[in-house]
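Asks: One predicted model, sequence on top.
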Amino acid sequence: MKIKTAEFVISNSDYRICPAPKMPEYAFIGRSNIGKSSLINALVNHRNLAKTSGKPGKTQLINHFLINKEWYLVDLPGFGYAKIPKSLRAQFHDMISNYLTNRTNLMCLFVLVDSRHKPQAIDQEFMQWLAEKGIPFVIIFTKADKLGKVALNKQIEAYKSEMQKEWEELPETFVTSAEKKMGTQEIADYIEKLNPHFKKR
Ligand code: GTP
Ligand code: MG
C-alpha cells in the first residue's frame, strides 16, 4: 500500500472520546524509547508527525492519526517507564488497558521490541495478557540498523526460539529500522491485507 496522506486527529487519555470507531485501526505499543513514534513517522513518510525524543516517556496520550482518509494509526505511551511516579503509572496502565480492551475497531496491535534484546519479562507478560484478552497482535523488532546482518538474524532467531518454549504458535514478526526505513513497506502491506476484514458495528 502507498501512504498518500497522514494527518494528526486528536490526543486524549480516554478511549471513550477517541474518534468514532468507524474505520480500521492499528496501534503501536512497547517500552518507552523503543521507537514507536519514530517508526510511525518512517511508515507515513513524515519527519515529525508523531513526536519523538531521546528521553523515554515522550508520548503520554493516545494519539490518533488518520491515514489515506481510510484508517487510523495510533501512537501510545510506553509502558515500564520507571521514572514516572507510581500514581501516574496506575493511571497510564488504566488508560492503555481500557483502550486495548474496549476499542472495537482495533484490527491489530503492533508490539515493539528491541532487535538487540532477549525476550523481556515485561513484554512477555504483556503478550500473555493480550492472548488472554483475545487482542490480535504482531511483534515488531526495532532499531535493526544497530546490528549487522548476521548478528541481526541470529538475534531474531534466538528471540523466536526462546518464545517458542512458552507459546504454541508465534505471532507474525516484522524486522524494522525507522532510521533506515526498513520493514515499513511490509507493515503497510500487512495493514492493506487486514483493512478489508474490518466490520462496521
Ligand atoms: P516514548 O514515546 O517515550 O514511549 O518513546 P518511543 O517508543 O515513541 O520512542 P521514540 O520514537 O521517541 O524514539 C526513542 C529514541 O530511539 C530516539 O532517540 C530515536 O531517534 C531512537 N530510534 C528510534 N527508532 C530508531 C531506529 O530505527 N534506529 C535507531 N538507531 N534509533 C532509533
Ligand atoms: Mg513515543
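Replies: Structure received. Numbers count the residues shown, from 1 in each chain. Ligands and ions are numbered 1, 2, ... in the order given.
Asks: can we go C-alpha only for contacts and neighbour counts from here?
Replies: Will do.
Asks: where do the helices sit along this structure?
Replies: In order along the chain, the chain carries the following helices (DSSP state H): 36-44, 86-102, 121-133, 149-164, 184-194.
Asks: And those helices, which one averages the lowest pLDDT?
Replies: Averaging pLDDT over each of the helices of the chain singles out helix 86-102 as the lowest, with a mean of 86.
Asks: which other residues reach that one?
Replies: With contacts defined as Cα atoms under 8 Å, 6 or more residues apart in numbering, helix 86-102 is touched by Ser13, Asp14, Tyr15, Leu76, Pro77, Phe79, Leu106, Lys133, Ile135.
Asks: And the furthest pair within those residues?
Replies: Using Cα to Cα, the contacts of helix 86-102 reach their maximum pairwise distance at Ser13 and Lys133, which is 21.1 Å.
Asks: Which one's more surrounded, those two?
Replies: In terms of neighbours (other Cα atoms under 10 Å), Ser13 is the more surrounded of Ser13 and Lys133; the figures are 18 against 11.
Asks: For Glu25, see how far away that one is.
Replies: Between Ser13 and Glu25 the computed distance is 17 Å (Cα to Cα, to the nearest Å).
Asks: neighbours of the spatially closest residue to Glu186 that is not a sequence neighbour, just the number please.
Replies: The shortest distance from Glu186 to any residue other than its chain neighbours is 7.6 Å, reached at Phe174 (Cα to Cα, 6 or more residues apart in numbering). Around Phe174 there are 19 other residues, counting by other Cα under 10 Å.
Asks: who's in contact with Phe174?
Replies: If a contact means Cα under 8 Å, 6+ apart, then Phe174 has Val138, Ile139, Ile140, Phe141, Gly183, Glu186, Ile187 as its contacts.
Asks: Show me what it is bridged to.
Replies: With DSSP bridges as the criterion, the beta-bridge partners of Phe174 are Ile140.
Asks: For the chain, which residues are neighbours of ligand 1?
Replies: 32-38, 52-54, 56-59, 77-78, 142-143, 145-146, 177-179 (Cα under 6 Å from any ligand atom).
Asks: which among those end up buried?
Replies: In the residues of the chain next to ligand 1, burial by neighbour count holds for 32-38, 52, 56-57, 59, 77-78, 142-143, 145, 177-178, counting by 16 or more other Cα atoms under 10 Å.
Asks: residue farthest from the centroid of the chain?
Replies: With distances taken from the mean C-alpha point of the chain and given as Cα atoms, centre = their mean, the most distant residue is Val150, at 25.4 Å.
Asks: Point to the residue nearest the middle of the protein.
Replies: With distances taken as Cα atoms, centre = their mean, Phe28 lies nearest the centre of the chain, 1.9 Å away.
Asks: residues in contact with that residue?
Replies: Residues near Phe28 by Cα under 8 Å, 6+ apart: Lys36, Leu73, Val74, Asp75, Leu76, Leu109, Phe110, Val111, Leu112.
Asks: which of the residues you listed lies closest to ligand 1?
Replies: Within those, distances to ligand 1 taken as Cα to the nearest ligand atom reach their minimum at Lys36, with 3.9 Å.
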